[in-house]
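J.: next one to model:
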Amino acid sequence: MKNTSQFTRWGITLVTCGTIAVILFYINQGQSNASVGQTPPELPEMVEAIQVSSTIWSPKTKALGEVVATRTITLRNELEGSIITLNLPSGGEVTQGQTLVQLDTSEEQARLANAKASLELAEIELRRNKQLYQQKIVSQDNYDKARIQVTIRQAEVQAINSLINKKTIKAPFNAITGLHTLEVGQYLSANSEINTLVGIDQKIWVDFKLPQQFANINKNSDVLIQSPHSEQSIKGKIVAQNTLLNKAARSLTFRAQIDNNQQLLKPGTVVSVLAPTTEPQEALKIPTSAIMRDQFANYVYLLTPAKDNKNYRAQRREIELGGEHGSDTVVTSGLVMNDLIVSIGAFKLRPDMLVTFNPKAALDQAAE
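T.: The predicted structure follows:
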């Protein structure tokens, strides 16, 4: 009997514990189901936004150009002779009128002295005949012959001076010389190449070619020149264009002029030219930082008001781009004026995501 009572008490205890465990299980399950049924609140992502604005933009095309000196000349001697004076620095500066090369003129100098003496004698004879002619002692014929002799002797002096001048090679303008190997005493045959002079000017030209569809670019249009050894662009202006298209390439050559006060660009340098293709026009611009790219398209996130009228929803909008405009990029399609887009932080968004931003900062940035 005693054992039976113990088993009965243990049985009641086990049943009671089991009942309590079942009750606790259902209570916890009910609380879990209640928590699953509730949707957690959606928190907006913080970004920076800006309104699409307009700018004056000119579509541009890029081409390669070559720097051309406004004044350059290759010096050659017209007459043969030996060098007796050499004042031609290699790669140095020379001034206009400076004697660079003097060839031997000893023979011409001797002939010049003889010609001057003959001229002096002819002038004395002319004065004598003039006095006699006025006194009616000599005829008109004798006087005319004396006068003609003076003219002949003067022409001889001028001819010899011309030969001497041709053997004196001077700088036609302020310039920088090229390298040479000339030496005093060296004999130069006629038409020998002496040196190449490049003018020292504040302006320099850039010649470049564009396809025939851009042949109607207006003269005086602004261009940007990018040199290979500088990150800064140089502003220039188109000053001339060729009259004929290149038949082989169907291109037209243009000439731009730029400032070269510091002599940074050397003739023959290949540069990049950014030239306008149409007249300036109004276009939409957005910050370059707002543009997202994938393998399919360029796009931005357009913001539209959410249902709570406090935040916004981000919508992907594909766009087509024009050229860069400073820190902005021109948009040719996909957006309209005053569209609100994400300018910074678009990388962390996905379509239809809830976002928020400072409206005042966006308006201030758009105004700038």
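
J.: which residue ranges form the strands in the stretch 1-150 of the chain?
T.: Residue ranges of the strands in the stretch 1-150 of the chain, as given by DSSP state E, counting those that start in this stretch, are 45-46, 48-51, 53-57, 60-68, 72-76, 81-86, 93-94, 99-103.

J.: redo those as TSV? Include mean pLDDT, mean neighbour count and distance to Ala110.
T.: In this view, the C-beta of every residue, glycine as well, is placed from N, C-alpha and C. Below are the strands of the stretch 1-150 of the chain laid out as TSV (pLDDT from 0 to 100; neighbours: other Cβ atoms under 10 Å; distance: least, Cβ to Cβ, whole Å):
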stretch	mean pLDDT	mean neighbour count	distance to Ala110
strand 45-46	88	14	97
strand 48-51	90	21	87
strand 53-57	85	15	74
strand 60-68	90	16	45
strand 72-76	93	15	26
strand 81-86	93	16	14
strand 93-94	93	17	30
strand 99-103	95	19	15
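
J.: Leu197 is nearest to which of the ones you listed?
T.: For the strands of the stretch 1-150 of the chain, the distance to Leu197 is smallest for strand 72-76, at 5.2 Å, taking Cβ to Cβ.

J.: which strands and helices sit next to the closest one?
T.: strand 193-199 (3 or more Cβ pairs under 8 Å, 6 or more residues apart in numbering; DSSP states H and E).

J.: now the angle from the strand it packs on to strand 72-76?
T.: Angle, strand 193-199 to strand 72-76, by axes from the mean of the first three to the mean of the last three Cα atoms, to 10 degrees: 160 degrees.

J.: so strand 193-199 versus strand 81-86, what angle?
T.: Going by the same axes, to 10 degrees, strand 193-199 makes 40 degrees with strand 81-86.

J.: and the contacts of the longest strand along the chain?
T.: Selection of the longest strand in the chain by residue count, based on DSSP state E, yields strand 312-325. By Cβ atoms under 8 Å, 6 or more residues apart in numbering, the surrounding residues in contact with strand 312-325 are 44, 49, 55, 57, 59-60, 283, 285, 288, 291, 297-306, 329-335, 340-342, 349-357.

J.: heading C-terminal from that strand, find the next helix or strand.
T.: Next in sequence after strand 312-325, counting helices and strands by DSSP states H and E, comes strand 328-333.

J.: quick one: contacts of whichever helix or strand comes after that next one?
T.: Beyond strand 328-333 on the C-terminal side, the first helix or strand identified by DSSP H and E is strand 340-344. Residues outside strand 340-344 that contact it (Cβ under 8 Å, 6+ apart): 47-52, 286-287, 289-290, 300-304, 312, 314, 317, 335, 349, 355, 357, 362, 365.

J.: buried set for the longest strand of the chain?
T.: Buried positions in strand 312-325, judged by neighbour count with 16 or more other Cβ atoms under 10 Å: 312-315, 319, 321-322, 325.

J.: mind putting those in JSON lines, distance to Arg128 and pLDDT included?
T.: What follows is these, written out as JSON lines (distance: Cβ to Cβ, whole Å; pLDDT from 0 to 100):
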{"residue": "Tyr312", "distance to Arg128": "113", "pLDDT": "90"}
{"residue": "Arg313", "distance to Arg128": "116", "pLDDT": "89"}
{"residue": "Ala314", "distance to Arg128": "112", "pLDDT": "90"}
{"residue": "Gln315", "distance to Arg128": "112", "pLDDT": "92"}
{"residue": "Ile319", "distance to Arg128": "100", "pLDDT": "92"}
{"residue": "Leu321", "distance to Arg128": "94", "pLDDT": "88"}
{"residue": "Gly322", "distance to Arg128": "90", "pLDDT": "82"}
{"residue": "His325", "distance to Arg128": "87", "pLDDT": "71"}
